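> Using only what follows, build the 3D model:
(2 chains)
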Amino acid sequence: MRVKYILNEVLVGLWRNVTMTIAMIITMSVSLTMLGASVLLYMQVDQMKEYYYGNIEVSIFLNDDVTDSQKLAIDQAIDGSPLVISKTYESKEDALKRFQKLWADTPDFVNAVGSNSLPESYRVKLSNPEKYADFAKAVEGKEGIRQIIDQRELLDKVFKVFNSIQVMALVVAGFMAVAALLLVGNTIQVAAYSKRREVAVMKLVGASNWFIQSPFVLEAVVAGLIGSILGFVALFVSKIIVLDNKLQALATILTPIPNGNVWLMLPLLAGVASLFSAVTAWVTLRFYLKV
Amino acid sequence: MILLENVTKTYPKASRPSLDNVSVGIEKGEFVFFIGPSGSGKSTIIKLLLHEVSPTRGKVVVNQKDVTTLRSWKVPHFRRSIGCVFQDFRLLPNRTAYENVAFALEVIGKTKAVARRVVPEVLELVGLGGKEHRYPHELSGGEQQRVAVARAFVNRPLILLADEPTGNLDPDTSIEIMRLLDRINRTGTTVVMVTHDSNIVNQMRRRVIEIESGRIVRDQARGVYG
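You can find the predicted model right below:
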């Protein structure tokens, strides 16, 4: 009986003020979509770092007129560094072959590059790419080096972009969350006012506090849950549309987002939404429904 | 049953206390009138007994429970042993007589089956047999107050508090309500009634406690309004 009564009160409550309920659900779902997107991005960047950092190399390009003794000195400097896991030497011919393979789709471009225009180089893998600076110190300044390129620097630029997208999404999520929670508070106030007679009688005859409050709190939680489901659907749909179709180019940089991760957002969003709405509703009741 | 010991209640921002060092004991099964002019502090007594307000000083004991030290989460359960009737009836307008009484049972966890058994009984007792399915606006003032009494009594409380229950009723109807309260009192329920209706007090000849400016000025076993 009591469960049925409370559920009925919740539905009536949501319906009584349906425009407000819709506004509440929409703001919540937008906020939660943003939150979900930024969490996904965070997981993604982490995964990408792991993936790319395992593969990145430091390239040491040599001058065209490098002498054998200079090469030997560089070679020794590389071998002398404790950070180096492996080292490959790429001759001008090797570089050209690789270049031709890489750009096989555009033969005109390939033909324009002569066998002499690509520099010879060392490709070095470091045990810890973050310690690039230590390694660079050991090699830098040796004669015959044209340029040292740390791939990590390039990647970091990419990650910085992701990072700022993530921060932006979080900021939007935060603002929308404030709006959503204010709407929750307002809805609860309206609900408490329209049920003030019932509440007065319930207090008088000794209904327990949780029994008086739970329909209001559940009203907010149900709205939060609907919002989180909508937010999740928005997230899933945009993942399919944006990453799997429209922006496949971007998707080649991104390591693929597993659907499992996206599904993980459902319990996360639902949990966050119901917790925050419940707390907001409960706090509002403390002020408007003195028991 | 009810014990007030040196109770003083001063509301915030009030210049003088509503109750000033009041001590009074009420036995089980008694029928007690609190009388006095408006603002004398009689309604504050009802609020203290319901634990709607706490005394500034002193001790309030109801049903062997010290209300002053009652934890707030225990208040709802405590109130189930007290029925309450007001001048303005406080019925739910969108519920019938039956539903108003059943509501009081259902919100404290009684099943619908219990309500179906008990509610017609108590409506019969207050003389509303046959009017169970009328809405408050379809009932006279006296009948509405009977519904309120039925709601207060349906849970068989040990104490019935009545705050000016006849304040909105004409003299004849008032007397009918008093007969009803008297009948409830005869079942062993302690009745505490706040009123300034001298007719009723004079007719009932029950214990009268007169309050003036927050102090008890008279306590008579079979008193009149005076």
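> How much space separates B:Val149 from chain A?
Relative to chain A, B:Val149 is positioned 13 Å away (criterion: Cβ to the nearest Cβ, to the nearest Å). C-beta coordinates here come from the backbone N, C-alpha and C atoms, glycine included.
> hang on, I meant B:Glu121
17 Å.
> From the centroid of chain B, which residue is nearest?
Residue closest to the average C-alpha location in chain B (Cα atoms, centre = their mean): B:Leu161, at 1.6 Å.
> Strand partners (parallel or antiparallel) of the helix or strand hosting that residue?
B:Leu161 is part of strand B:159-163 when elements are defined by DSSP states H and E. Using DSSP bridges, the strands paired with strand B:159-163 are strand B:82-86 (parallel), strand B:190-194 (parallel).
> Let's have the ones you listed in TSV, adding distance to A:Leu11.
Formatted as TSV, these follow (distance: least, Cβ to Cβ, whole Å):
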stretch	distance to A:Leu11
strand B:82-86	30
strand B:190-194	40
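> now these in a markdown table, with mean pLDDT and mean neighbour count?
Formatted as a markdown table, the strands paired with strand B:159-163 follow (pLDDT from 0 to 100; neighbours: other Cβ atoms under 10 Å in any protein chain shown):
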| stretch | mean pLDDT | mean neighbour count |
| --- | --- | --- |
| strand B:82-86 | 95 | 24 |
| strand B:190-194 | 96 | 24 |
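> my guess is A:Ile226 meets A:Ile22, correct?
No: checked against Cβ atoms under 8 Å, the pair A:Ile226 and A:Ile22 is beyond contact range at 9.8 Å.
> Those residues of chain A touching chain B, which are they?
Contact residues (Cβ under 8 Å from any Cβ of the partner chain) of chain A with chain B: A:1-2, A:5, A:197-198, A:200-209, A:211-212, A:291.
> which of the residues you listed count as buried?
A:198, A:201-209, A:211-212, A:291 (16 or more other Cβ atoms under 10 Å in any protein chain shown).
> What about the residues you listed, which are in helices?
A:198, A:201-205, A:209, A:211-212 (DSSP state H).
> rewinding a little: need the contact partners of the strand holding B:Leu161.
Applying Cβ atoms under 8 Å, 6 or more residues apart in numbering or on different chains, the contact partners of strand B:159-163 are B:1-2, B:43, B:46, B:49-50, B:62-63, B:81-87, B:152-153, B:181, B:184-185, B:189-195.
> Rounded mean pLDDT for it, please.
Averaged across strand B:159-163, pLDDT comes to 96.
> buried residues in the helix or strand just after it?
Per DSSP H and E, strand B:159-163 leads on to helix B:171-186 as the next helix or strand towards the C-terminus. Neighbour counts over helix B:171-186 (16+ other Cβ under 10 Å) mark B:173-178, B:180-181, B:184-185 as buried.
> now, among the residues you listed, which is nearest to B:Gly214?
Of all those, B:Leu181 has the smallest distance to B:Gly214: 25.9 Å, by Cβ to Cβ.
> Tell me who's in contact with the residue lying closest to A:Asp134 once chain neighbours are set aside.
Nearest residue to A:Asp134 in three dimensions, chain neighbours excluded: A:Leu83, at 6.3 Å (Cβ to Cβ, 6 or more residues apart in numbering or on different chains). Residues near A:Leu83 by Cβ under 8 Å, 6+ apart: A:126-128, A:131, A:134-135.
> again, only this time at 10 Å
A:58, A:124-129, A:131-132, A:134-135, A:138 (Cβ atoms under 10 Å, 6 or more residues apart in numbering or on different chains).
> got it, and B:Phe33?
Counting by Cβ under 10 Å, 6+ apart, B:Phe33 has contacts B:42, B:162, B:191-197, B:200-201, B:204, B:206-210, B:220, B:223-225.
> A:Ala281 now?
A:181, A:184-185, A:187-188, A:191-192, A:213-214, A:216-221, A:223-224.
> Just those: which are in helices?
A:181, A:184-185, A:187-188, A:191-192, A:213-214, A:216-221, A:223-224.
> B:Gly223 reaches B:Val217, doesn't it?
No: using Cβ atoms under 10 Å, B:Gly223 makes no contact with B:Val217, being 11.8 Å away.
> Quick check: neighbours shared by those two?
B:209-210.
> Show me which of these two is the more surrounded one.
Shown here are B:Gly223 and B:Val217; by other Cβ atoms under 10 Å in any protein chain shown, B:Gly223 has more neighbours (19 against 12).
> Pop out the phi and psi values for that one.
Dihedral pair for B:Gly223: phi -90, psi 170, per degrees, to the nearest 10.
> again with A:Ser59
Main-chain torsions, A:Ser59, degrees, to the nearest 10: phi -100, psi 130.
> residue contacts, it?
Listed by Cβ under 10 Å, 6+ apart, the contact set of A:Ser59 reads A:90, A:119, A:121-124, A:147-151.
> Now do the strands in chain B.
Ranges of strands in chain B, per DSSP state E, are B:2-9, B:19-26, B:31-35, B:57-62, B:65-66, B:82-86, B:159-163, B:190-194, B:207-212, B:215-220.
> Can I get those strands in TSV including distance to A:Asp105?
As requested, the strands of chain B are exported to TSV (distance: least, Cβ to Cβ, whole Å):
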stretch	distance to A:Asp105
strand B:2-9	91
strand B:19-26	95
strand B:31-35	99
strand B:57-62	91
strand B:65-66	88
strand B:82-86	87
strand B:159-163	91
strand B:190-194	96
strand B:207-212	101
strand B:215-220	103
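> Lowest-scoring secondary structure element of chain A by mean pLDDT?
helix A:248-253 (a mean of 62; mean pLDDT, DSSP states H and E).
> which of the residues in whatever helix or strand comes next after it are buried?
Using DSSP H and E, the helix or strand that follows helix A:248-253 in sequence is helix A:259-288. Buried positions in helix A:259-288, judged by neighbour count with 16+ other Cβ under 10 Å: A:262, A:265-266, A:268-270, A:272-274, A:276-278, A:280-281, A:284-285, A:288.
> Can you give the domain ranges for chain A?
A:2-52+A:156-288, A:64-143 (automatic domain parsing).
> returning to that earlier point: quick check: angle from the strand holding B:Leu161 to helix B:171-186?
160 degrees (axes from the mean of the first three to the mean of the last three Cα atoms, to 10 degrees).
> send the alpha carbons of strand B:159-163 over as CSV?
C-alpha atoms of strand B:159-163 as CSV (Å, rounded to 0.1, in the frame of the first residue of the first chain):
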residue,chain,number,x,y,z
ILE,B,159,-5.1,11.8,24.6
LEU,B,160,-7.4,14.0,22.5
LEU,B,161,-6.4,17.6,22.2
ALA,B,162,-9.1,20.1,21.0
ASP,B,163,-8.1,23.6,20.2
